[in-house]
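Chemist: Pasting the sequence and the predicted model now:
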Amino acid sequence: MIRVGIVGASGYTGVELARILSTHPEVEITVATSRQYAGKPLSEVFPSLRDRVQVVCENLQPDELKDRADFFFTAVPHKTAMDIVPPLLAAGKKVVDLSADFRIRDVAVYEQWYQAHSSPELVRQAVYGLPELYRDQICKADLVANPGCYPTSVILGLAPLVRNHLIDPGTLIIDSKSGTTGAGRSASVATLYCEVADGFRPYKVGGSHRHIPEMEQELSALSGNQVTISFTPHLLPVNRGILSTMYARLEKPMTTQALQELYETTYGDEYFVRVCPQPALPATQHVRGSNCCDLAVSLDERTGRVIVMAAIDNIVKGASGQAVQNMNLMLGLAENTGLEGAPFFP
Ligand SMILES: NC(=O)C1=CN([C@@H]2O[C@H](COP(=O)(O)OP(=O)(O)OC[C@H]3O[C@@H](n4cnc5c(N)ncnc54)[C@H](OP(=O)(O)O)[C@@H]3O)[C@@H](O)[C@H]2O)C=CC1
Ligand SMILES: CC(=O)N[C@@H](CCC(=O)OP(=O)(O)O)C(=O)O
């Protein structure tokens, strides 16, 4: 069995990693960290893990952690991971970092949106962990930067159109909605029950969300030209799920059938990307608890705009499930090991 460590096990992505890894046939969780819950079994912090996960939370520094596992997930806030990852890599461990710290290849852009980077040399070494785009590099990587939740839905949704220059990127509008687990488990007024339940609101409007540079980086790489997007996130009164709806003007007229064939051809061999048959549309409840990304493409013939819809579970394909998918590739395991389960519905 491969020994796996979860750094930041007491957060929402941490508990989801523990849940997925608890039934993974090739790994065992040998260490889990949390400062607040040090000394407590993880199954006491999350009773959902009772009798399934035995590990006890510890408050450990990276130097104390490194001999306790062969493979690490860092599921801590951005700006924190950049100081935890380097000693683990120096000790010869492989790491999937769930934060944003190693996702942005241009350090100056990272520093503009986040803060000064303490390990810029590792940014160059990191591979962006979207397996459907970077599978070969991920297989050889020691450090994988797991994508953000919104970018996972958006990049998978737009890749076929952008790569083939079928849309005018200047007309791209991305409208995304996320469940509240996306905001993490720390207490804050914005995520109190009364602030979220029974309502629906946009936030970080006007190009201020920090996932914008990540999406632009990947869409620009696919296009070969700079892509600049309009992106508005919204907070849904549900625990899990992201639905992104993306609009752009087609460069030349296309039929719905041609668009459908493009998506089916692009993703036909992908286990986790499911292209909905026409006229079905994706929904967050159809991917819940799974590593699936459901896509649909539609044509607005009146305006010449194409509409792409993508649904994921933000803490599975948007975080911990994708992190395990990356681990499987990095360890030479079948990519879907431990992730084969169907979504749970209703
Ligand atoms: N939630 C989501 O849908 C997604 C999250 N992500 C990213 O994954 C990472 C984890 O997210 P999430 O689980 O939601 O966050 P949470 O806030 O729920 O959990 C954060 C975890 O990190 C630990 N932690 C916090 N600060 C520190 C620190 N300074 N040193 C060591 N440990 C620390 C916390 O435990 P303690 O305070 O007890 O030490 C906790 O276990 C973040 O970078 C986030 O941006 C990425 C995609 C989607
Ligand atoms: C609903 C909600 O608040 N979502 C978070 C994004 C989720 C996330 O974890 O993004 P990173 O991995 O890049 O930190 C937000 O908008 O900031």
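Modeler: Now that the structure is in, tell me what you want to look at. Ligands and ions are numbered 1, 2, ... in the order given.

Chemist: all contacts plus neighbour counts: C-alpha atoms, from now on.
Modeler: OK.

Chemist: Could you pull out the strands in the stretch 151-300 of the chain for me?
Modeler: Applying DSSP state E, counting those that start in this stretch to the stretch 151-300 of the chain gives strands spanning 173-178, 201-202, 230-235, 242-249, 273-275, 293-300.

Chemist: The first one near ligand 1 at all?
Modeler: Okay, so that is strand 173-178. No. Figure legend: strand 173-178 not in contact with ligand 1 (CA under 6 Å from any ligand atom); closest approach 8.4 Å.

Chemist: neighbouring contacts of that strand?
Modeler: Identification of contacts with strand 173-178 by CA atoms under 8 Å, 6 or more residues apart in numbering yields 150, 154, 229-236, 240-248, 314.

Chemist: In the chain, spot the helix with the most residues.
Modeler: The longest helix of the chain (DSSP state H) is helix 149-163.

Chemist: So what's the gap between the lowest-mean-pLDDT helix or strand in the chain and the chain middle?
Modeler: Lowest mean confidence among the helices and strands of the chain (mean pLDDT, DSSP states H and E): helix 62-65, at a mean of 93. In this view, helix 62-65 has its centroid 26 Å away from the chain centroid, taken as CA atoms, centre = their mean, to the nearest Å.

Chemist: List the contacts of that helix.
Modeler: 31, 84, 85, 87, 88.

Chemist: who wins for neighbours among those residues?
Modeler: Using other CA atoms under 10 Å as the neighbour criterion, residue 85 leads those with 25 neighbours.

Chemist: Please identify the helix or strand for that one.
Modeler: helix 81-90 (DSSP states H and E).

Chemist: Tell me the helices and strands packed up against that helix.
Modeler: Applying 3 or more CA pairs under 8 Å, 6 or more residues apart in numbering; DSSP states H and E, one finds that helix 81-90 contacts helix 62-65, strand 71-74, strand 94-97.

Chemist: 7 Å - rerun?
Modeler: Where contact means 3 or more CA pairs under 7 Å, 6 or more residues apart in numbering; DSSP states H and E, helix 81-90 is packed against helix 62-65.

Chemist: Show me what counts as buried in the helix it packs on.
Modeler: 62, 65 (16 or more other CA atoms under 10 Å).

Chemist: repeat for stretch 7-24
Modeler: Applying 16+ other CA under 10 Å to stretch 7-24 flags 7-22 as buried.

Chemist: how close does residue 293 sit to ligand 1?
Modeler: 14 Å (CA to the nearest ligand atom, to the nearest Å).

Chemist: Next: residue 246.
Modeler: Applying CA to the nearest ligand atom to residue 246 and ligand 1 gives a distance of 20 Å.

Chemist: Enumerate the residues of the stretch 201-346 of the chain near ligand 1.
Modeler: Counting by CA under 6 Å from any ligand atom, the stretch 201-346 of the chain sits next to ligand 1 at 314, 315, 318, 319.

Chemist: Now for the residues you listed, which sits with the most neighbours around it?
Modeler: Within those, residue 314 tops the neighbour count with 33 neighbours, counted by other CA under 10 Å.

Chemist: Sketch out the helices for the stretch 101-250 of the chain, chain order is fine.
Modeler: Ranges of helices in the stretch 101-250 of the chain, per DSSP state H, counting those that start in this stretch, are 107-113, 120-125, 131-140, 149-163, 193-196, 212-223.

Chemist: Does ligand 2 have contacts with the fifth one?
Modeler: No. Contact check for helix 193-196 against ligand 2, using CA under 6 Å from any ligand atom: none in range, with a minimum separation of 10.4 Å.

Chemist: I'd like to know how far the residue of the chain found nearest ligand 2 sits from residue 331.
Modeler: Across the chain, the shortest distance to ligand 2 (CA to the nearest ligand atom) belongs to residue 183, at 3.5 Å. Distance of residue 183 to residue 331, given as CA to CA, to the nearest Å: 30 Å.

Chemist: ditto for residue 297
Modeler: In terms of CA to CA, residue 297 sits 34 Å off from residue 331.

Chemist: Out of those two, name the residue with the larger neighbour count.
Modeler: Between residue 297 and residue 331, residue 297 has the larger neighbour count (other CA under 10 Å), namely 27 against 18.

Chemist: need the contact list for residue 319.
Modeler: With CA atoms under 7 Å, 6 or more residues apart in numbering as the criterion, the residues that contact residue 319 are 13, 98, 146, 149.
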